[in-house]
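Trainee: Coordinates for the following, if possible.
(chains A and B)
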Amino acid sequence: METKSIMIVGVGGQGSLLASRIIGNVLLSQGFEVKVSEVHGMSQRGGSVVTYVKYGDEVNSPVIVKGEADIIISFEQLEAARWLPYLKKGGHLVTSTQQIDPMPVINGAAVYPDDIIEKIKAQGADVIAVDALTLAEQAGTAKASNVVLMGVVSTKMPFDESVWQAALEQCVPAKFLELNKKAFALGRAAQ
Amino acid sequence: MKKLMLGNEAFARGLYEAGCRIASSYPGTPSTEITEEVAKYDEVYAEWAPNEKVAMEVALGASIAGARSFCAMKHVGLNVAADPLYTAGYTGVTGGMVIAVADDPGMHSSQNEQDSRHHAIASKVMMVEPSDSAECKEFAKAAFDLSERFDTPVIVRMSTRVAHSQSAVELCDREEHELIPYKKNIQKFVMMPGNAIRRHPEVEQRLVDIREYAETSPLNRVEYNDTKIGVIAAGISYQYAKDALGAKASYLKLGIVNPLPVEIIKDFCDKCETVYVIEQLDDVIETHCKKHGLNVHGKDTFSLLGEISQAIVREKILGETAEFNEFPENVPVRPPVMCAGCPHRGLFYCLSKLGVMVSGDIGCYTLGATAPLQAMDSTICMGASISGLHGFNKARGAESEKKSVAVIGDSTFMHSGMTGLVNIAYNATNSTVIILDNSITGMTGHQQNPTTGKNLKGDPAAAVNLVDLCHAIGIKSVRVVDPYHMAETEAVIKEELEKDEPSVIISRRPCALLKYVKHNPPLHCDQDKCVGCKQCLKIGCPAISVHNKKMTIDHTQCVGCGICTEMCKLGAIVK
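Mentor: Residues are numbered from 1 along each chain as shown, chains lettered A, B, ... in the order given. Down below sits the predicted model:
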């Protein structure tokens, strides 16, 4: 099998590490070779963050380059726009509609683009936009937006739901499991 | 059993399996998790040392005592530990000694992108370089065996992408290595000139022996496919090359990067038509090849700067580029910022308002240099804020002393800031030093340090009292402020700047991300009272933004620190 690539992008602190761990465990359980590459340190402090997940029969480079991602999962609209060049032609972009102004926008040095999702669609990309923040709050906490998006992306990957449930159980502490399962279900039912 | 593991986590597993007994490190991205992970194994004693030099000396001491020992640091940390390293190269070891050093090509979280292979060459110490998590574990284990076999510390060179990528690792059992009986050996371990002179030839002979071993070591391997293109690479660069070229090229993958073999490289170059050395940062392997008269491409094709990727290899060697969509407008950058509720924010706002020269240091607070606060004039390396301020004030005189400060975190102060403070007291400048005490080592992800009262395992430990320490150093004026109270903080800074003596201000408030810190409910902006004056934006809080010309506060980010309420003259920001 040809190597597949998934990118998880967002703003530092949005929970991309948990998301990548869940996907990594799903893929490992299916017998793929998997590499997950994270960014730690300085860039996590509210900066743009990106996590790469690659899987297949053989995975070499852990990073994803422009035009290579089969799926991009974005926790924030502007980040979807930023990382769009990494999406393969014909790939899927799953994004939360959440907007977080970066400091240059807060300072008035730059403008947050409007109608981002429409503009991305106009480039010919397949976009699924979901209000993950509201769904996460419905599940019990805004922090579960990451797992809502896992629910959405699970519909774009050829694995049984039980595989995702098992990965959730492995990656989420027991006391938050029910809440996260609810968030996952809301994401899966969304779109 | 196979498990998905970070390179750093796999490295820690290798230490455990190899029977390592003692680990001492100073945190530094991207090396930190090795020591955090190894601390989870009860069989290994692990600690955070105050700095890398101390950590390496602890490891060497443990090795002399007969234990397999370890220390970890980031690339710039090896500069701090270079002193013990270069002489540990002479003494050699008793129990195996392994040093992890993590380079950061692309500077994801570093102040420079130095290539630590130069330290291995200069200290004449063996260095190996893994390319994925499975190799991190295997190389860590092999490094202990090689350390004991060749009587040398062995450096394992990590890089960001290897350290922070997860891939599958096969777990094995721990092999116990009993303490080697201690024997006093003055000739080997007392490095005064008469003994060191006799050690030096052994160091040179050891390099010859290791080079000979490298010719046949399983850590170096050849993969022949199409021989029109040959690639020589180590570490993550090998993965990029393999990804880009697959079976279109043959590979010489080097696991031992110092000393480099000669014969297998010559043989590989003979068999391949065009040979590329693909290495990040400096031209270490390429220079070695050219020294031996081999015709290879290297930095004529690839950059000395930043990271390589499969896309760069594909473009440079095959001339292929990928197609992709571009967002049709400018996408504003999203630089890292101080978190909402960060205690440093109030302090930096005061410094920005006062317009003083700020001699900065390494940590989260380096973000005080970014807009809108921009309250920093220099940042060089760990501890340089304080010593640099002293030099600045010696050069510019008494007027400068009243218009300049140093800022340094609690952990960085313990690392190498306090010697600078001793210099200020001893050699007398009326400098003002601000210790940003957030009760944790923040930037690297919350590690304990000698001021926090806890050790690496989270158990109670002796805590340095910063006020007493500063007094003992000879600083009489030591004040403690809460940076959430900006008016008071500003007043204290002004008073201390005016004094004709050196002073220390401890700006004390725990990091807002610490689990035990209780947050207030989020604040919100009363839209009827807000006139859109943007005064509150001057503190650069990521939770505050403008919508329809009025301020809004993001309730998912706000922790109710209340600094912004001091900015709003209209009382529009409310609970």
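
Trainee: For the lengthiest helix in chain A, which outside residues touch it?
Mentor: Secondary structure of chain A read by DSSP state H shows that its longest helix is helix A:174-189. Here helix A:174-189 makes contact (C-beta atoms under 8 Å, 6 or more residues apart in numbering or on different chains) with A:130, A:132, A:135-136, A:138-141, A:144-145, A:147-152, A:154-155, A:161, A:164-165, A:168-169, A:172. Just so you know, the C-beta spots here come from the backbone N, C-alpha and C atoms, and that holds for glycine as well.

Trainee: Also stretch B:206-214?
Mentor: B:92, B:124, B:126, B:146, B:150-152, B:220, B:256, B:259-262, B:264.

Trainee: which residues does B:Phe231 contact?
Mentor: Quick fix: residue B:231 is Val, not Phe. B:238, B:241, B:245, B:249-252, B:275-278.

Trainee: Mind doing that once more with 7 Å?
Mentor: Shown in contact with B:Val231 (C-beta atoms under 7 Å, 6 or more residues apart in numbering or on different chains): B:241, B:245, B:249, B:251, B:276, B:278.

Trainee: Which parts of chain A are helices?
Mentor: Using DSSP H, helices in chain A cover A:16-29, A:77-83, A:103-106, A:116-122, A:132-139, A:145-154, A:161-171, A:174-189.

Trainee: starting at the chain centroid, how far to the third one?
Mentor: Okay, so that is helix A:103-106. Distance, stretch centre to chain centre, for helix A:103-106: 23 Å (C-alpha atoms, centre = their mean, to the nearest Å).

Trainee: same check, this time on the fourth one
Mentor: Here the centre of helix A:116-122 is set off from its chain's centre by 18 Å, with C-alpha atoms, centre = their mean.

Trainee: repeat for stretch B:452-463
Mentor: Distance, centroid of stretch B:452-463 to centroid of chain: 22 Å (C-alpha atoms, centre = their mean).

Trainee: so where's the longest helix in chain B?
Mentor: Longest helix in chain B by number of residues (criterion: DSSP H): helix B:193-216.

Trainee: ok, and for that helix, which residues are buried?
Mentor: For helix B:193-216, the neighbour count (16 or more other C-beta atoms under 10 Å in any protein chain shown) marks B:195, B:199, B:203, B:206-207, B:209-211, B:213-214 as buried.

Trainee: Any part of the helix or strand that that helix is followed by near chain A?
Mentor: For helix B:193-216, the following helix or strand on the C-terminal side (DSSP states H and E) is strand B:221-223. No - Strand B:221-223 stays out of contact with chain A when judged by C-beta under 7 Å from any C-beta of the partner chain, the minimum separation being 12.0 Å.

Trainee: ok, back up a step: and the angle for the longest helix of chain A with helix A:161-171?
Mentor: Orientation of helix A:174-189 against helix A:161-171 (axes from the mean of the first three to the mean of the last three C-alpha atoms, to 10 degrees) gives an angle of 150 degrees.

Trainee: can you tell me the average pLDDT over helix A:174-189?
Mentor: In this model, helix A:174-189 has an average pLDDT of 96.

Trainee: Please apply the same query to stretch B:249-265.
Mentor: Taken as a whole, stretch B:249-265 has a mean pLDDT of 98.

Trainee: got it, and stretch B:524-531?
Mentor: Regarding stretch B:524-531, the rounded mean pLDDT is 96.

Trainee: Equivalent analysis for stretch B:21-41, please.
Mentor: 97.

Trainee: What's the end-to-end length of it?
Mentor: Terminal residues of stretch B:21-41 lie 10 Å apart, using C-alpha to C-alpha, to the nearest Å.

Trainee: do the same with stretch B:492-510
Mentor: Stretch B:492-510: ends 20 Å apart by C-alpha to C-alpha.

Trainee: repeat for stretch A:133-144
Mentor: Across stretch A:133-144, first to last residue, C-alpha to C-alpha, it's 8 Å.

Trainee: pLDDT below threshold where in chain A?
Mentor: For chain A, the stretches with pLDDT under 70 are A:41-44, A:191.

Trainee: Residue nearest the middle of it, spatially speaking?
Mentor: Central residue of chain A (C-alpha atoms, centre = their mean): A:Ile73, 3.0 Å from the mean position.

Trainee: Now which of the contacts of B:Val231 would you call buried?
Mentor: B:241, B:245, B:249, B:251, B:276, B:278.

Trainee: Mark which of these are part of strands, please.
Mentor: If you go by DSSP state E, these have B:251, B:276, B:278 in strands.

Trainee: Please convert the residues you listed to JSON lines, extending it with distance to chain A.
Mentor: Below are those laid out as JSON lines (distance: C-beta to the nearest C-beta, whole Å):
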{"residue": "B:Tyr251", "distance to chain A": "11"}
{"residue": "B:Tyr276", "distance to chain A": "16"}
{"residue": "B:Ile278", "distance to chain A": "12"}
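
Trainee: which parts of stretch B:460-473 are buried?
Mentor: Buried residues in stretch B:460-473, counted by 16+ other C-beta under 10 Å: B:461, B:464, B:466-467, B:469-470, B:473.
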